[in-house]
Structure formats: C-alpha cells, structure tokens
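# whatever this is, show me its structure:
(one chain, ligands or ions: 1)
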Amino acid sequence: MATIESILHETRLFVPNNTFVSQANLSSIEDYHSLCKEAEEDYLGFWGGLAREYIQWHKPFTQVLDESNHPFFKWFDDGELNVSFNCLDRNLEANSDKVAIIFEADDGNVTKVTYRDLHIQVCQFANGLRSLNIKKSDRLIIYMPMSIEVVVAMQACARIGAIHSVVFGGFSAKSLHDRIVDTAAVAVITADEQMRGGKGILLKPLVDKALDIGGAGSVRSVIIYRRTGTDIQWFNSRDIWWHELISDKPVYCEPEWVNAEHPLFILYTSGSTGKPKGIQHSSAGYLLGAMVSMKWIFDHKLADIFWCTADVGWITGHSYVAYGPLAMGATQIVFEGVPTYPDAGRFWKIIQDHKVTIFYTAPTAIRSLIKLGPELPKKYDLSSLRLLGSVGEPINPEAWIWYYKVVGQSRCPIVDTWWQTETGCHMIAPVPGVVPLKPGSCTFPLPGIMADIVDETGHEIENGKGGFLVIKRPFPSLARTIWGDPERFKNTYFPNDLGGKYYLAGDSANRDLDGYFWIMGRVDDVLNISGHRLGTMEIESALVANPLVAEAAVVGRPHEIKGEVVIAFVVLKGLCPQGDDAKRIATELRNWVSKEIGPIAKPEEIRFGNNLPKTRSGKIMRRLLRAIGRGEQITQDVSTLENPEILEQLKQSIT
Ligand code: WTA
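Next up, the predicted model:
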C-alpha cells in the first residue's frame, strides 16, 4: 500500500477533494492502512470483530471460520440471527419515521415508505406466507417488477427463513420454469403485469406457462401482486392475490432465528458450460459483506439518499437494493421504469427531484445516456450528488471521464466496483476518501480481501503482466455452494490446476506498476451483454432446441453501448439457406432465443453455414468464429482445421 502514498502527488490522478475527504467514513490513509494491516495480521480477529460490530446477533458466535471442509467454508457458524430483523427491527428504535424507500413508478408516481411501514408490510406478508404453510428452508421464486413489494417479498422470505430465488422479469417462461424445477419451489410470487417505458408487459401469464410445461409440481401457490389490474387467467387451486393474503394478518411476525450459515437466497447466474448455476449465499457472511461495503465503498451515512439502479433480478439489486441499504438504515430510491422514458433525462430528473447523493449504475447505461444526450445532465440540478459508482463490466475511460465531469461535475469520486454474483459484495473498489482514481481501474481490494493475479499454475504474477484473478483466502460473503451441485462449485471455483486453494473468479486482470488492478474480461465463454452475464452454452442450447437447427456456436462481438452482442453461427438440418429464406429463418431463430431465454440473449447477427470450423478431433474452433464475428482478419494458425473452406462461407453469410 506504500504505492498509494507515492502516487498521491501525481496530478493526472483523480485525488478526492477536501470536501469529500473531510466527511468520509474512511478519510485518512492511516485508517485505511490500519484496516488492511489488521486483516493481514489477524484475519479471523478482523472479520470476527466486524461481524460483532455490524450484525445484531440473536445468539453470538464463538468460532469465526471453519475451513475444515474446504472449499465449503463456514463463517460465524454457531451464531444465530435473522437478516430481516437486522434490516428492519433494528432500525425501528432510532429511525422508525425515516423513509426507507422512495419508490418512483414508471409513470412518475412517487410512493414513500418509512421503516415502520416497511416493517409492518414485511411482517404481514411473512405471516401470509406462513398461513400458506411455507416454512423455513422452503424455496420460493420471486418474479416481479421493481417495486416496494418485491423488497417486501424478499425480506419476508428472510424473516421466516425461507430461501428466495429472484428471477429477472425479463426472463422467459422457459427460464422461469428451469429455476422452479431446479429449486423445487413451493410458491411463486409475481405480479399481474409490469410497466416499462409506458408499456405494460404481462408477467402472470408467463408463470402459468412455466407451470404448464410440466415437472413444476412442487409449486402449491402463486401469489399475485396487483400492479395494473389487467385481466389475467385465474386458477383457484393455486392463485391468490397479494392484498387478500395480507388483509387479515397481524402486523408483527416473530422472526425465525437461523444459523449464520442458513441459506438466505439462491440466484442463478451463467457459467461457461451447462445450465445456469444456482449460486447459494449464506445469511450472516453475506449480510456482513453488503454492510461493510456500504460503509467503506459507498461511504454511506444516515443522511444519504442512495440510488442503485440495478434490478433485483441481479446480484447488484440483492446486495445494494434489498439488503445492504436497509441493513444500514438508508433512504433509497427504487425505480420501476427505464432510463429513456419519457425521455433520456429521466435518471437526471430523479436525482434532482429526490436529491440523490450516491448514484450507482452500469457502464452500459452510462454509454447509452451519453449517446442520447451528452449535454442533458446539465439541464438538471445534480448538486446533491457526492459519490458515483459503476458496476458490471470494465468502464471505458471516455465514459468514466464523462460520468466524472458531466454527471459528477468533477466533484464526486467514482467507485468502480469489481465483484460478482458469487462474491456477494464489492471485492476490488476504491475507498473513495482515500484512494486516488485512475479511469478504468477498479483500484485496490477491500481491506480483508486477499485478491491477487496468478498464472495457470497458481503462481503470483509480477506487476505489469496479465493473468487470472483469484482471491486467496475465504471471505464471509463468498457463495457457499451451487444449489444441488457441490462438485460443480468445487470444480468451477477451486479448480485443481490452481491446487484447489484459491477462489478463481473467471476474469483476467493485470496490475500496473502502482499496483492498481485492471480487469480485462472473462476468461471463459461468458458474454457480458448490457452488464448481464450470459453463457454462450445457454444460447447455443436454446438454438439447438429449435427443430430446424443441427448445430450452433455463439460468440460475442464488442459493442459500443451494450458491451457485447451475440453473434450466432448456425448449421441447419436441411440445406444452408440463402437470400430471403436465410433472412426469414434468422428472424425466426432470433425470436426463438428471445422466447427460450429472454430478449437480452437475442442474437444480433446469425450466420448460416454447411458446417462449423472444426479441428480434426471435432472441436469447434471458437477463436476463428470470434475473428469472423468481429470482422477481423484470421491471423491465427488454421493448420489444425479440418474444413478451411467453411470460413469463407461463414464470412459471406451475414443476415
Ligand atoms: C464483470 C455483477 C470490470 C466481471 C456484480 C465479473 C466487472 C462479472 C466489474 C460478474 C467491474 C463486474 N469492472 N468487470 N467493475 N463488475 N464485472 O455476476 O467479468 O452479474 O466476473 O455480477 O461482471 O457479473 P455478475
């Protein structure tokens, strides 16, 4: 960390200004160093101390970390707590009249709930769930729009010890079905419809469809929040309105005290092979990560108006909408709509209207807003902002500078936060009152996070060179397993080639000579589309499931706004289609993928061929496809290619 000191004087760095530093939670390099040092010298003492300080325990723990069953670590294992109690009840004493959520609907309508209101809503809904005989450890699927209710649903599950799995509202009935089956969920919580950009998008009919597919017999109840009142089909045997479920329920619900390691939720995310992985998080370790990162990285204080724009369908919406802010007693914005409706000034207007102080969004959103109105933020009063954040993919320096100058008016530090569904909370990110920023770098690991960069044998790489990003010691917020598949958890994240010791993130990174981390991207076949992870495998399986398709391979192509787009190479069962035929089938396949997975997975381009480029042993040569998809010259070695003529055909066949 000595390097930080040495470069503090360099003017091309973005050093936090005095106004920010003077109020920051961590404002001196000494405080910061002493945290890092404490973690290095007494790792368990460090985390144990934080767990006692941040979490209110029902029963205190006596052991900090149990590493005996590597890599299935247990933290604070004999302690007992309830996450919803920590988010709500704890705030009732001092903050009961404080606004917890400012909800802005798609049409601009604003609803505010205080901590007291939210506590009542969560208790009533939790009692409603109990009345349906839903118990501790049961799984529930939540398939809802951004709303106060979705936060209530998640918190209510936590209150009774049930395990939620939120499915993003943009996913298809098929994706929903797969998650229902994999978790053997007993109930689905949904809404009749969601509103986005002035349009209603039905949700409940997709639940019906998912349950119709078969194999989803575990679901006993579907609870429906009435968002718009549109007509929906009703099944008396399983459907129940949210408002009817809670109407006669008591306003207090005794929390279920659970073990620190009790699963809080499962969230599905893409990997390079096979079906999406049900990432399972713990209660205490996860909560602790969400809380300390709110304090250190978001520099959160009670007076802040916090806004994380992520949907609760993703990990960011779990840690920095549903749990972290509430556990810290924050006032936060929850926004139903889209950044471009009614116009591209919507985000800036929300910041102005609600005097947002901390704003956290994704580079893809920033890039699209630059394109739609680089001068637009200047029309709004953004003087309330004091800190900006970025997440989901590397932020390119041009977008960073625009965000810094135009949105933050050169006043607000930007916290570029690197983390993953699996890590639960920020791992590498600047502590904003201390660390000088370099546009495009997520800077340094959080105190207590032993991140490093290694080669394929697990050996440390010197600064200035690229390698695999790893975390060398277990940390509290790390996912505990893949739901139902512990072997896969071990093989994916603690692979033998690294000696099984380190957590392997699946990203490549390098550290510059000042020790700053720069994330280069995924090392596996995972695409990052508009900040969302999608496995190429999933899209390929969806394509191959179409009766016309014999074989498919998918690659990513960099895209100015979305980060990456999907390019699909497809071999049909019949002849390779030409002209209008090719166009028609391509459209059909795009819609097919959209239906199978969701619109975000839709291929931008489909190229048909008689075959795919393969090695003599039959392996698809993806790097060649990547070059074709990107319109690059093929400079790679093609000597192992069985069928070189196929490259020409694939190059020509854009639809
Ligand atoms: C990428 C999102 C660079 C990375 C929280 C990671 C980033 C994947 C950043 C996880 C960042 C996320 N800079 N890359 N600040 N944040 N990523 O699970 O490739 O949806 O592995 O979690 O997003 O995506 P996930």
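# neighbours of residue 639, how many?
Number of residues near residue 639 (other CB atoms under 10 Å) recorded here: 7. From N, CA and C alone the C-beta is placed, and that goes for glycine too.
# sec struct for it, please.
coil (DSSP: H, G, I helix; E, B strand; the rest coil).
# ok, and what's touching stretch 42-60?
35, 38-39, 61, 64-65, 75-76, 78-82, 85-86, 90, 257, 284, 287-288, 291-292, 327, 447-448, 473, 475-476 (CB atoms under 8 Å, 6 or more residues apart in numbering).
# now stretch 637-645
Under CB under 8 Å, 6+ apart, the answer for stretch 637-645 is 611, 613, 614, 615, 616, 618, 621, 624, 647.
# quick revisit: go ahead and build a ChimeraX selection from the buried members of the contacts of stretch 42-60.
Per 16 or more other CB atoms under 10 Å, the buried members of the contacts of stretch 42-60 correspond to this ChimeraX selection:
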select :35,38,39,61,64,65,75,76,79,80,81,82,85,86,90,284,287,288,291,292,327,447,448,473,475,476
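# about what we covered before: and the contacts of stretch 637-645, which two are furthest apart?
Maximum pairwise distance in the contacts of stretch 637-645, criterion CB to CB, is 16.8 Å, between 618 and 647.
# surely residue 467 is in a strand?
Yes: applying three-state DSSP, one finds residue 467 inside a strand.
# follow-up on the earlier one: who wins on neighbours among the contacts of stretch 637-645?
Neighbours here mean other CB under 10 Å. Within those, the largest count is held by residue 613, at 26 neighbours.
# so what's that one up against?
620, 621, 624, 625, 641, 643, 644, 646, 647, 650.
# I figured residue 543 hits residue 552, correct?
Yes: using CB atoms under 8 Å, residue 543 is in contact with residue 552, at 3.8 Å.
# phi, psi of the most centrally placed residue in the chain?
The centroid of the chain falls nearest to residue 315 when counting by CA atoms, centre = their mean (3.1 Å). Note on residue 315: backbone dihedrals following degrees, to the nearest 10 are phi -60, psi -40.
# next, count neighbours for the closest residue in space to it that isn't next to it in sequence.
Nearest non-adjacent residue to residue 315, counting by CB to CB, 6 or more residues apart in numbering: residue 421, 4.2 Å away. Other residues within reach of residue 421, judged by other CB under 10 Å, total 19.
# which positions in the stretch 101-250 of the chain make contact with the ligand?
Residues of the stretch 101-250 of the chain lying close to the ligand by CB under 6 Å from any ligand atom: none are found.
# for the ligand, what's the nearest residue on the stretch 101-250 of the chain?
residue 168 (10.7 Å; CB to the nearest ligand atom).
# can I get the buried part of the contacts of residue 613 as one PyMOL selection?
The buried residues among the contacts of residue 613 can be selected in PyMOL (16+ other CB under 10 Å) with this line:
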select buried, resi 620+621+624+625+641+646+647+650
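# low-confidence stretches in the chain?
1-12, 272-273 (pLDDT under 70).
# nearest to the ligand: which residue in the stretch 1-150 of the chain?
residue 14 (16.1 Å).
# before we move on, the earlier item: for the residue of the stretch 101-250 of the chain closest to the ligand, which non-adjacent residue is spatially closest?
Nearest non-adjacent residue to residue 168 (CB to CB, 6+ apart): residue 313, at 2.8 Å.
# and that neighbour, helix, strand or coil?
Residue 313 - assigned by three-state DSSP - is coil.
# does residue 586 count as helix, strand or coil?
Going by three-state DSSP: residue 586 is helix.
# so who does it touch?
Counted by CB under 8 Å, 6+ apart, residue 586 has contacts 606, 608, 655.
# need the contact list for residue 441.
Residue 441 sits next to 416, 512, 516, 517, 518 when contact means CB under 8 Å, 6+ apart.
# so residue 200 sits against residue 194, correct?
Yes: if you go by CB under 8 Å, residue 200 and residue 194 touch, sitting 7.4 Å apart.
# give me the more crowded residue out of these two.
For residue 200 and residue 194, the more surrounded residue by other CB under 10 Å is residue 194, and the numbers stand at 23 against 14.
# sec struct for that one, please.
strand.
# residue 378 now?
Counting by three-state DSSP, the backbone at residue 378 sits in helix.
# isn't it right next to residue 407, touching?
No: using CB under 8 Å, residue 378 makes no contact with residue 407, being 9.8 Å away.
# okay, those two: which has more neighbours?
residue 407 (24 against 12).
# what about the more buried one, distance to the ligand?
Using CB to the nearest ligand atom, to the nearest Å, residue 407 is found at 17 Å from the ligand.
# so what does that residue look like in phi/psi?
The phi and psi torsions at residue 407 (degrees, to the nearest 10) take the values phi -80, psi -50.
# ok, now the one 4 residues further on?
Dihedral angles phi and psi of residue 411 (degrees, to the nearest 10) take the values phi -110, psi -30.
# what residues are up against residue 305?
Applying CB under 8 Å, 6+ apart, the residues near residue 305 are 102, 331, 332, 333, 354, 355, 356, 357, 358, 384.
# partner residues bridging it?
Note on residue 305: beta-bridge partners by DSSP bridges are residue 331.
# distance check, it against residue 314.
Applying CB to CB, to the nearest Å, the value for residue 305 to residue 314 is 22 Å.
# got it, and residue 170?
10 Å.
# these two - which one has more neighbours?
residue 314 (21 against 18).
# a helix runs through residue 133, doesn't it?
No: counting by three-state DSSP, residue 133 falls outside a helix, being coil.
# how many residues are close by it?
If you count neighbours by other CB under 10 Å, residue 133 ends up with 11.
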